[in-house]
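Trainee: Need coordinates for the below:
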Amino acid sequence: MKTIKKFAVMLMVGMILVISNTTVNAKTINEADTELCETLKYALINTLGKPVDKAIAEIYKDDMDAPEGLTWDSYDIEILKIKQLYGVGGGYEITLKAHPYYDAHMSYGIDEIVVDTRGKLISYKHLKTYS
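Mentor: Numbering: from 1, shown residues only. The predicted structure follows:
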């Protein structure tokens, strides 16, 4: 009899725990002036600043007409492709289209830059120079 009462109490406690167990879903808090997808895009691009800077310096180092201080902005970078390298959550290779500029956003060229999510510059290609 004691065993049945003990089992009944354990069963009731178990049912109460299961019934009262509510699922909690985390909600992303976006504290930016853009939609979440755009915010993630800009965050990703900004984390890749060093290899993008390196590519632009390499592309224009022998261009005697290139103005000093060529730079870029994350809002003016296009993500052309994201290639998954090692499965979900592994490394990614990201192909970007950059529009370097000088002074008050005077465009100087268009470049394709490939980087990985570890911050490594994979390759780059100059596409166009504005005269």
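
Trainee: where does the chain dip in pLDDT?
Mentor: 1-2, 17-18, 20-26, 30, 32, 131 (pLDDT under 70).

Trainee: how about the helices in it?
Mentor: 2-20, 36-47, 49-60 (DSSP state H).

Trainee: Please identify the deepest-packed of those.
Mentor: For the helices of the chain, the largest average neighbour count (mean count of other C-beta atoms under 10 Å) is found in helix 49-60, namely a mean of 18. To be clear about C-beta, it is placed using only N, CA and C from the backbone, and glycine gets the same treatment.

Trainee: okay, the angle between that helix and helix 36-47?
Mentor: 60 degrees (axes from the mean of the first three to the mean of the last three C-alpha atoms, to 10 degrees).

Trainee: so what does helix 49-60 touch, helix or strand wise?
Mentor: Under the contact definition 3 or more C-beta pairs under 8 Å, 6 or more residues apart in numbering; DSSP states H and E, helix 49-60 sits against strand 92-98, strand 109-116, strand 121-129.
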